[in-house]
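Enquirer: Would you be able to build a 3D model of this:
(one chain, ligands or ions: 1)
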Amino acid sequence: MKMTFRWYGKSDPVPLEYISQIPMMDGIVSAVYDVAPGKVWSVESITAIKKAAERHSLSFEVVESVPVHEDIKLGKPSRDGYIEAYRENIRRLGKAGVKVICYNFMPVFDWLRSELEYKNPDGSSSLIYRQEQVLAMNPKSGSLSLPGWDASYTKEGLSTLLDEYSDIDSEALFSNLKYFLDAVIPICIEYDVKMAIHPDDPPWDIFGLPRIITDEKNLDRFLSLNNSPFNGLTLCTGSLGSSPHNDIPKLLRKYSSMGRVHFVHARNIKHIGENDFNETAHPSGYGSLDMYEIMKALYDTGFDGYVRPDHGRMIWGEHGKPGYGLYDRALGAVYLSGLWEAIQKSHKK
Ligand SMILES: [Mn+2]
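Expert: I've put the predicted structure just below:
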C-alpha cells in the first residue's frame with residue numbers, strides 16, 4: 001500500500017512541503033489542470049509536476065484525472081480524435097513514470113453535492129448531499145447553481161448538451177465506454193499505465209442522466225467490457241458507500257483479489273437518509289463505513305496499489321478548496337496508515 005495525497009498544482013493552497021511533512025506519505029496525486037478535456041498535455045507540464053514532487057521526496061505515479069471528453073461518452077463521430085489525444089496522454093504519462101490514471105465516465109456533471117460548507121455541531125464544516133435540494137434545481141432552466149461544479153457551460157451550451165444525452169441510456173453509455181476502453185487499453189499495456197475508473201458520485205441517475213459505475217452488478221459488467229487487468233477501478237469508498245446497498249469491504253475484497261483495484265479513495269460518509277449523506281472525519285466511529293474492515297480487506301488481498309485520504313471536513317479555521325483542506329485529510333492519512341500498521345503487525349504474530 002502506498003499512501004498518497006491529492007495536490008492541485010501550484011495554485012493549491014496546500015504546498016508540497018506541507019504534504020511531505022505528513023508522516024508516512026509516499027506521493028502525490030495530481031494532473032495538468034489548465035488544458036481542456038480532449039487536448040494533449042505538454043511533456044513540460046507533466047515533467048514539472050514530477051520534478052516538483054521529487055524535490056520534496058514525493059513520487060508522482062497517480063494522475064487524477066485525465067478527463068474524458070463528452071463526445072466520447074456520447075459516442076459522436078468526433079470521438080476518435082479525442083480518443084487519439086487520450087492515447088497520446090497515456091504515452092506521455094507512462095514515459096514520465098505515471099502508473100495509474102483515474103478518470104470517470106459520468107455524463108455532463110461530475111460529483112454532486114447540495115452544500116459545500118455544511119456547519120457541523122462541532123464547528124467544522126463538510127460537504128453534504130440532500131437529494132431533495134439537488135433535484136429542486138432544473139439544469140435546463142438555468143436555475144442550476146450546484147456548488148463546486150465547474151460552471152464553464154453557458155445556459156444554452158448546457159441545454160444543448162443535455163439534449164444530446166436524451167438518446168443516451170445506460171446501454172448506450174456502456175457501449176461508448178467499451179469503445180473507449182478497447183482503444184486505450186492496448187496503449188496502457190504498452191506503456192505500463194493502469195486505467196482506474198472512479199465510481200459515479202453519488203451512484204445513481206440524476207437529472208435523467210444515466211450513471212453506470214454504481215454497484216456490484218455494474219462494476220462486474222464494467223470489468224468484463226475489457227478483461228485486461230489494465231482496465232481497473234479507483235474504489236472510492238465514499239462514492240460507492242453513499243448508497244447503503246453497497247457493502248464496501250465486500251466489494252474491495254472481491255475486486256482487489258481479482259487484481260482490478262489500482263487506487264483507493266478511503267473516505268467516510270454518514271447516511272442521513274435514503275439518498276442523503278454527510279461527509280465526516282475518516283475514523284469508523286464518525287461515519288457509516290468501517291474503515292478498519294476496508295483497510296483489512298486491502299491487506300488480506302495483498303493490495304499493493306495507491307490509497308489516498310479523501311475530503312473529510314474543514315477544521316481548525318482552515319479555508320481552502322472544499323473537500324481538499326490540509327488538516328483533516330492529513331489526519332485521515334495518518335489514521336489510515338495507522339490502521340495498516342496495526343493490521344500488518346497483528347498478522348506477523
Ligand atoms: Mn473519490
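Enquirer: The stretch 151-300 of the chain: helices as residue ranges?
Expert: With DSSP state H, counting those that start in this stretch, the ranges of helices along the stretch 151-300 of the chain come out as 155-164, 170-191, 216-225, 237-241, 248-257, 291-300.
Enquirer: so of those helices, which one's packed in deepest?
Expert: Scoring the helices of the stretch 151-300 of the chain by mean neighbour count under mean count of other CB atoms under 10 Å gives helix 237-241 as the most buried, with a mean of 27. All C-beta atoms are positioned from the backbone trio N, CA, C, and that covers glycine.
Enquirer: so what secondary structure elements neighbour that one?
Expert: When contacts are defined as 3 or more CB pairs under 8 Å, 6 or more residues apart in numbering; DSSP states H and E, helix 237-241 sits against helix 248-257, strand 261-266.
Enquirer: Contacts for that helix, please.
Expert: 111, 198-203, 214-215, 246, 248, 251-252, 264-269, 279, 288-289, 291, 294, 310-311 (CB atoms under 8 Å, 6 or more residues apart in numbering).
Enquirer: What is the three-state secondary structure of residue 60?
Expert: Under the three-state scheme (DSSP: H, G, I helix; E, B strand; the rest coil), residue 60 adopts strand.
Enquirer: what about it, neighbour count?
Expert: Residue 60 has 24 neighbours, counted by other CB atoms under 10 Å.
Enquirer: my guess is it meets residue 50, correct?
Expert: Yes. The criterion here is CB atoms under 8 Å, and residue 60 meets it with residue 50 at 4.6 Å.
Enquirer: between those two, what contacts are shared?
Expert: What both residue 60 and residue 50 touch, as defined by CB under 8 Å, 6+ apart, is the set 96-97.
Enquirer: Closest residue of the stretch 1-150 of the chain to the ion?
Expert: Residue nearest to the ion within the stretch 1-150 of the chain: residue 111 (7.6 Å; CB to the ion).
Enquirer: residue ranges of the strands in the chain, please?
Expert: 2-6, 27-30, 59-64, 100-103, 115-119, 125-129, 194-197, 231-236, 261-266, 269-273, 276-279, 306-309 (DSSP state E).
Enquirer: could you redo those strands as JSON lines and give each row mean pLDDT and distance to residue 164?
Expert: As requested, the strands of the chain are exported to JSON lines (pLDDT from 0 to 100; distance: least, CB to CB, whole Å):
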{"stretch": "strand 2-6", "mean pLDDT": "97", "distance to residue 164": "31"}
{"stretch": "strand 27-30", "mean pLDDT": "98", "distance to residue 164": "31"}
{"stretch": "strand 59-64", "mean pLDDT": "98", "distance to residue 164": "26"}
{"stretch": "strand 100-103", "mean pLDDT": "98", "distance to residue 164": "20"}
{"stretch": "strand 115-119", "mean pLDDT": "90", "distance to residue 164": "28"}
{"stretch": "strand 125-129", "mean pLDDT": "92", "distance to residue 164": "26"}
{"stretch": "strand 194-197", "mean pLDDT": "98", "distance to residue 164": "22"}
{"stretch": "strand 231-236", "mean pLDDT": "97", "distance to residue 164": "26"}
{"stretch": "strand 261-266", "mean pLDDT": "98", "distance to residue 164": "30"}
{"stretch": "strand 269-273", "mean pLDDT": "94", "distance to residue 164": "32"}
{"stretch": "strand 276-279", "mean pLDDT": "94", "distance to residue 164": "30"}
{"stretch": "strand 306-309", "mean pLDDT": "98", "distance to residue 164": "33"}
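Enquirer: nearest to residue 155, of those strands?
Expert: strand 115-119 (21.8 Å; CB to CB).
Enquirer: mind saving the C-alpha coords of the closest one as CSV?
Expert: What follows is strand 115-119, C-alpha atoms only, in CSV (Å, rounded to 0.1, in the frame of the first residue of the first chain):
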residue,chain,number,x,y,z
GLU,A,115,-23.9,22.2,0.1
LEU,A,116,-20.1,22.6,0.4
GLU,A,117,-19.9,24.2,3.8
TYR,A,118,-22.4,22.5,6.0
LYS,A,119,-21.8,23.5,9.6
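Enquirer: related to what we said a few turns ago, could the helices of the stretch 151-300 of the chain be laid out in a markdown table, adding distance to residue 333 and mean pLDDT?
Expert: As requested, these are exported to a markdown table (distance: least, CB to CB, whole Å; pLDDT from 0 to 100):
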| stretch | distance to residue 333 | mean pLDDT |
| --- | --- | --- |
| helix 155-164 | 36 | 83 |
| helix 170-191 | 28 | 98 |
| helix 216-225 | 26 | 98 |
| helix 237-241 | 14 | 95 |
| helix 248-257 | 18 | 98 |
| helix 291-300 | 12 | 98 |
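Enquirer: about what we covered before: distance to the ion for the strands of the chain - can I get that in JSON lines?
Expert: JSON lines is the format used below for the strands of the chain (distance: least, CB to the ion, whole Å):
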{"stretch": "strand 2-6", "distance to the ion": "9"}
{"stretch": "strand 27-30", "distance to the ion": "11"}
{"stretch": "strand 59-64", "distance to the ion": "9"}
{"stretch": "strand 100-103", "distance to the ion": "8"}
{"stretch": "strand 115-119", "distance to the ion": "15"}
{"stretch": "strand 125-129", "distance to the ion": "11"}
{"stretch": "strand 194-197", "distance to the ion": "11"}
{"stretch": "strand 231-236", "distance to the ion": "3"}
{"stretch": "strand 261-266", "distance to the ion": "4"}
{"stretch": "strand 269-273", "distance to the ion": "11"}
{"stretch": "strand 276-279", "distance to the ion": "11"}
{"stretch": "strand 306-309", "distance to the ion": "9"}
